[in-house]
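Novice: sequence? don't have it. structure:
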Ligand code: FCB
């Protein structure tokens, strides 16, 4: 049945970006190299040979971007803080000039009536930490907590909501197992050890933020692809659960439910390789004030005994795809929110990323008719409204991304922005796309319907 979508009063509407993807100024004001600077500068890593040296130049153009947020009627901005901009050396000394940028950004957002929604880590690890062993070096736990403390003390008088990490599963797996993201490694043992240290760091980071800003709301951004079993066969259902465990719950359950979920065919052997030390499980116990979800697609999963690790295979589903080839399945957002609501005790939930690669370019009329993204946003927001109607406590939605930007290994070849950026023009002019206008309409209360029969 078709129903009218409504969003609760006080619902947060925003858009998101991350430091390396938009800031530029990679060596400015004392900023040190990050693993993404190093990775992108190495030949052959990024499909179009590009890097984030300049990106959208938000470091200088943030007033223009804040004006865009205002124009679109978005009340919140999710950005991330670059650790090597704030702490350029391993001795931990804070770079005032680097931190000042975020100070200016926060002030300018507040002046425009926009709530800052910062993330402390969105993948740009300082290269100095990588040189010391990266995320596999336990010293990272204390160093991250010190960095978090410095940022929260500097901005905590004005920032009331913090997210600590962005998508731990992605930066661990893509960076250490699949080698497609910085630091470009391919090693399962290292991945396992790293995942555990990331979890310990995460918990310590939450404690640091809590201590520095006792009244703030604290969460983290988890990427989640809800898993659909390929068939009714119970073996496919079990495989889908293992996928859920490894991709969606591995970085959340140890923190809030006291243990690692069952992801591996031989779970015991996997846990043995993780270097879990006495006291670690207790040290990981954390409470979040909200759970932030990043959602783009879903996963269709079949049992596959030939996969020795997880015993599964991911299939391409029948839905239409975005320009990146990711399947579009709006009902997956409803299903995901329902599952997180049920599994984690009805937590407040924010969707901190959701969006679509749609490479539509300006047409003869100068406008960007990104019809695929318009439909994506409408359909996903509809399914989110459905989850809210079902009783889930969803507090906000952030479209990824405010701007076309440096899309990691895809460079500038994939565009996720609701605002077009002309990277051929040195002035990096921005133009709101049709999707930006449509989002703005929905935010202002524009009509939207959802189908409550989609599965
Ligand atoms: C997410 C990342 C974000 C962006 C989108 C498309 O996994 O958090 O930075 O690249 O995917």
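Specialist: Noted; the coordinates are in hand. Bear in mind that the values here come from a model prediction, so they are computed numbers and not experimental data. Numbering: from 1, shown residues only.
Novice: and the chain, which residues reach the ligand?
Specialist: 18, 21, 166, 167, 170, 223, 294, 353, 400, 407, 408, 416 (C-beta under 6 Å from any ligand atom). Heads up, the C-betas are built off the backbone N, CA and C, glycines and all.
Novice: strands - which of these land there?
Specialist: In strands, defined here by DSSP state E, the members of the residues of the chain next to the ligand are 166, 223, 294, 353, 400.
Novice: pretty sure residue 358 contacts residue 369?
Specialist: No: using C-beta atoms under 8 Å, residue 358 makes no contact with residue 369, being 9.8 Å away.
Novice: neighbour count for these two, which is higher?
Specialist: residue 358 (25 against 16; other C-beta atoms under 10 Å).
Novice: which helix or which strand is home to that one?
Specialist: Following DSSP states H and E, there is no helix or strand that holds residue 358.
Novice: how far away is it from the ligand?
Specialist: 12 Å (C-beta to the nearest ligand atom, to the nearest Å).
Novice: spit out the contact partners of that residue.
Specialist: Residues in contact with residue 358 (C-beta atoms under 8 Å, 6 or more residues apart in numbering) are 322, 323, 370, 371, 372, 373, 376, 415, 435.
Novice: ditto for residue 38
Specialist: For residue 38, counting by C-beta under 8 Å, 6+ apart, the contacting residues are 127, 130, 182, 183.
Novice: can you check the pLDDT for the second one?
Specialist: What the model reports for residue 130 is a pLDDT of 98.
Novice: what of the third one?
Specialist: Among the per-residue scores, residue 182 shows a pLDDT of 98.
Novice: so it touches residue 176, yeah?
Specialist: No: counting by C-beta under 8 Å, residue 182 does not reach residue 176; the two are 10.0 Å apart.
Novice: who are the packing partners of the helix or strand containing residue 175?
Specialist: Here residue 175, judged by DSSP H and E, is contained in helix 168-176. If you count contacts as 3 or more C-beta pairs under 8 Å, 6 or more residues apart in numbering; DSSP states H and E, helix 168-176 packs onto helix 188-212, strand 217-223.
Novice: not counting the shortest one itself, show me its contacts.
Specialist: When you say that, I think you mean strand 217-223. Contacts for strand 217-223 (C-beta under 8 Å, 6+ apart): 119, 160-170, 202, 206, 209-210, 247-248, 251-252, 288-296, 350, 352-353.
Novice: skip the chain neighbours and tell me the closest residue to residue 128.
Specialist: Nearest-residue entry for residue 128: residue 90, 4.6 Å, with adjacent residues in sequence omitted and distances by C-beta to C-beta, 6 or more residues apart in numbering.
Novice: SS state for that neighbour?
Specialist: coil (DSSP: H, G, I helix; E, B strand; the rest coil).
Novice: run the chain-centre distance for the helix holding residue 175.
Specialist: Relative to its chain's centre, helix 168-176 lies at 12 Å (C-alpha atoms, centre = their mean, to the nearest Å).
Novice: show me what that helix is in contact with.
Specialist: 35, 123, 135-136, 180-187, 190-191, 194-195, 198-199, 202, 220, 222-223, 246-248, 250-251.
Novice: now that helix and helix 188-212, what's the angle there?
Specialist: Interaxial angle, helix 168-176 versus helix 188-212 (axes from the mean of the first three to the mean of the last three C-alpha atoms, to 10 degrees): 140 degrees.
Novice: quick one, helix 168-176 and strand 217-223 angle?
Specialist: 50 degrees.
Novice: distance of residue 249 from residue 426?
Specialist: Taking C-beta to C-beta, to the nearest Å as the measure, residue 249 falls 45 Å from residue 426.
Novice: give me every residue that touches residue 289.
Specialist: With contact taken as C-beta under 8 Å, 6+ apart, residue 289 is in contact with 217, 218, 219, 348.
Novice: neighbour-wise, give me the winner out of those residues.
Specialist: Neighbour tally across the contacts of residue 289 (other C-beta under 10 Å): the maximum, 25 neighbours, falls on residue 219.
Novice: find the residue closest to that residue in space, skipping its chain neighbours.
Specialist: Residue 219 sits nearest to residue 290 (C-beta to C-beta, 6+ apart), 4.1 Å away.
Novice: now do residue 154
Specialist: Computed as C-beta to C-beta, 6+ apart, the closest residue to residue 154 that is not its neighbour in sequence is residue 99, at 5.3 Å.
Novice: dihedrals phi and psi, that neighbour?
Specialist: Main-chain dihedrals, residue 99, degrees, to the nearest 10: phi -70, psi -30.
Novice: circling back: check contacts around the residue nearest to residue 219.
Specialist: 217, 218, 219, 347, 348, 349, 350, 395.
Novice: need the strands for the stretch 301-450 of the chain, in chain order.
Specialist: With DSSP state E, counting those that start in this stretch applied, the stretch 301-450 of the chain shows strands at 312-315, 349-354, 394-400, 419-421, 430-432, 449-451, listed in chain order.
Novice: neighbouring strands of the longest one in the sheet, and parallel or not?
Specialist: So the one you mean is strand 394-400. Partners of strand 394-400 in the sheet, by DSSP bridges, are strand 12-16 (parallel), strand 349-354 (parallel).
Novice: can you pull out the residues in contact with the shortest one?
Specialist: Taking C-beta under 8 Å, 6+ apart as the criterion, the residues outside strand 12-16 that touch it are 69, 72-79, 114-115, 117, 350, 352-353, 395-402, 418, 439, 443.
Novice: please list only the buried members of those.
Specialist: For those, a burial check counting by 16 or more other C-beta atoms under 10 Å picks out 69, 72, 74-79, 114-115, 117, 350, 352-353, 395-402, 418, 439, 443.
Novice: could you count how many residues lie near residue 156?
Specialist: Counted by other C-beta under 10 Å, the residues lying close to residue 156 total 17.
Novice: same check on residue 16?
Specialist: Residue 16 has 30 nearby residues by other C-beta under 10 Å.
Novice: which residue is nearest the centroid of the chain?
Specialist: Centroid-nearest residue in the chain, with C-alpha atoms, centre = their mean: residue 166, separated by 4.5 Å.
Novice: surely that one meets residue 121?
Specialist: Yes: using C-beta under 8 Å, residue 166 is in contact with residue 121, at 6.4 Å.
Novice: next, show the common contact partners of the two.
Specialist: Jointly contacting residue 166 and residue 121 under the rule C-beta under 8 Å, 6+ apart are residue 80.
Novice: between residue 249 and residue 426, which one's more packed in?
Specialist: More crowded of residue 249 and residue 426, by other C-beta under 10 Å: residue 249, with 24 against 9.
Novice: now do the same contact list for the more buried one.
Specialist: With C-beta under 8 Å, 6+ apart, residue 249 has these contacts: 261, 343.
Novice: and it, backbone torsions?
Specialist: phi -110, psi -10.
Novice: tell me the pLDDT at whichever residue of the stretch 1-150 of the chain sits closest to the ligand?
Specialist: The nearest approach of the stretch 1-150 of the chain to the ligand comes at residue 18, 5.0 Å away (C-beta to the nearest ligand atom). Residue 18 carries a pLDDT value of 99.
Novice: thanks a lot, catch you later.
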